[in-house]
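**Q** Task: produce atomic coordinates for the following.
(one chain, ligands or ions: 1)
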Amino acid sequence: MENSISLNWEKELLPLLNTDFVGRNIHHHQQLDSTNLQAKRLANSNAPEGCVVFAEQQILGRGRLGRKWESPANDGIWMSILLYPNLSPDKISCITLVAGYSVCRAISQLGLEAKIKWPNDIVIGSRKVCGILTEMVAQGQSNISVVVGIGINVNNDSFDGELSDKACSLYMESGKKFQRIDIAAAILNCFEQDYNNFCQNGFEAICEDYNKHCCNVGRQVVISGTNGSFTGKAINVTEKGALLVQTEQGETEVSSGEVSVRGMLGYV
Ligand code: ADP
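**A** Got it, this is the predicted structure:
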């Protein structure tokens, strides 16, 4: 079992990476307000692309729409990757999907059956093991920084309250405790590959495989957004990263902005 106090993230993580730029610059903190906030501060001081912020504990961990992200000390990986993409704004929203795909691939390498819950969660069975929050920081007209926050429950042995039937950890699903550094390295290695592929060839390059790993495809879903909610059957995720839904009124494409997707009977 890892001893988090003795972990030297930079020294131990770097030899596990096969990346050119992702994770080549590491900032590790015992406690932060949030790794995304810290990565945004680094963006403002022109930190290098691909630098990664880790915190053992986040006090203000957030999901989308300001929802709280529980980030207890030492059990999970709470990290943010800083990017300076040269992409149009509509493509930037696909970075969340790319990161979800990479996390799913990395967890699958552990022999666990992870699925992507479009647009920003990874689930095992019907419970969430990872959430992703991508945020954009505009500096002037042309300089755009993107911060990809990834929270993954690794060695947690239980969750309380509203999370008790909604959240899981890699340990709860496998009965094994993991070295968080190994998981972080696997995610960063997968992410650089997928992100480079996406930047060069578009989301179409991973779309087919993404759909194979997406738990919503073929299921009845409830889509909730700021203008209310509707139900339908998820057909697939399109080459632009939208969720194509069959409703009684016909097919409609839902973009990954600020919508939440639920199953008809529960979280998935
Ligand atoms: P949604 O799951 O509705 O898309 P978000 O992606 O914004 O929502 O994630 C925030 C939600 O995730 C919280 O409202 C809470 O239900 C759930 N959550 C918070 N912390 C954790 C955690 N450590 N593991 C799994 N789920 C969590």
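**Q** What parts of the stretch 51-200 of the chain come near the ligand?
**A** 63-65, 67-70, 120-121, 128, 131, 151, 153, 163, 166-167 (CB under 6 Å from any ligand atom). To be clear about C-beta, it is placed using only N, CA and C from the backbone, and glycine gets the same treatment.
**Q** what's the closest of those residues to the ligand?
**A** G63 (2.5 Å; CB to the nearest ligand atom).
**Q** Who are the contact partners of the residue lying closest to the closest one once chain neighbours are set aside?
**A** Once flanking residues are discounted, G63 sits nearest to W69: 4.9 Å by CB to CB, 6 or more residues apart in numbering. Residues near W69 by CB atoms under 8 Å, 6 or more residues apart in numbering: Q58, G61, R62, G63, G131, L133, G151.
**Q** From T96, how far off is the fifth one?
**A** This points to G131. According to CB to CB, to the nearest Å, G131 stands 10 Å off from T96.
**Q** what comes up buried for stretch 112-120?
**A** Buried residues in stretch 112-120, counted by 16 or more other CB atoms under 10 Å: A114, K115, I116, K117, W118, P119, N120.
**Q** What is the neighbour count of the nearest residue to the second one once chain neighbours are set aside?
**A** Here the nearest residue to K115 in space, its sequence neighbours aside, is C215; by CB to CB, 6+ apart that works out to 3.8 Å. Around C215 there are 23 other residues, counting by other CB atoms under 10 Å.
**Q** Surely C215 is in contact with E113?
**A** No - with contact defined as CB atoms under 8 Å, C215 does not count as touching E113 (10.0 Å).
**Q** where do the helices sit along this structure?
**A** 9-13, 35-44, 89-92, 95-108, 170-174, 180-201, 204-212 (DSSP state H).
**Q** Show me which residues of the shortest one are buried.
**A** Okay, so that is helix 89-92. Neighbour-count burial for helix 89-92 [16+ other CB under 10 Å]: K91.
**Q** One more: the fifth one?
**A** Buried residues in helix 170-174, defined by neighbour count with 16+ other CB under 10 Å: L170, Y171, M172, E173.
**Q** Find the nearest non-adjacent residue to the first one, please.
**A** Computed as CB to CB, 6+ apart, the closest residue to L170 that is not its neighbour in sequence is V154, at 5.1 Å.
**Q** What separation is there between the one you found and Y171?
**A** Relative to Y171, and taking CB to CB, V154 is found at 7 Å.
**Q** can you list residues touching both of these two?
**A** What both V154 and Y171 touch, as defined by CB under 8 Å, 6+ apart, is the set F178.
**Q** picking that back up, residues in contact with the residue nearest to K115?
**A** C215 touches K115, I116, K117, V123, V268, counting by CB under 8 Å, 6+ apart.
**Q** how about the residue nearest the centre of the chain, what does it touch?
**A** In the chain, the centroid-proximal residue (CA atoms, centre = their mean) is I132; its distance is 2.9 Å. I132 makes contact with T96, A99, G100, V103, N120, D121, I122, V148, G149, I150, G151 under the criterion CB under 8 Å, 6+ apart.
**Q** Identify the spatial nearest neighbour of it, chain neighbours not counted.
**A** N120 (4.5 Å).
**Q** Local confidence estimate at that neighbour?
**A** Per-residue confidence (pLDDT) for N120: 94.
**Q** Identify the residues contacting stretch 85-104?
**A** Contacts of stretch 85-104 (CB under 8 Å, 6+ apart): 81, 83, 114-116, 118-122, 130, 132-134, 136, 144, 146, 148, 150, 152, 187, 190-191, 193-195, 198-199, 202-203, 206, 209-210, 213, 237, 240-241, 255-257.
**Q** I should have written stretch 16-23 there, sorry.
**A** 13-14, 24, 48-50, 52, 81, 181-182, 184-185, 188-189, 191-192, 195.
**Q** Now do the buried residues in it.
**A** So for stretch 16-23, counting by 16+ other CB under 10 Å, buried means L16, L17, T19, V22, G23.
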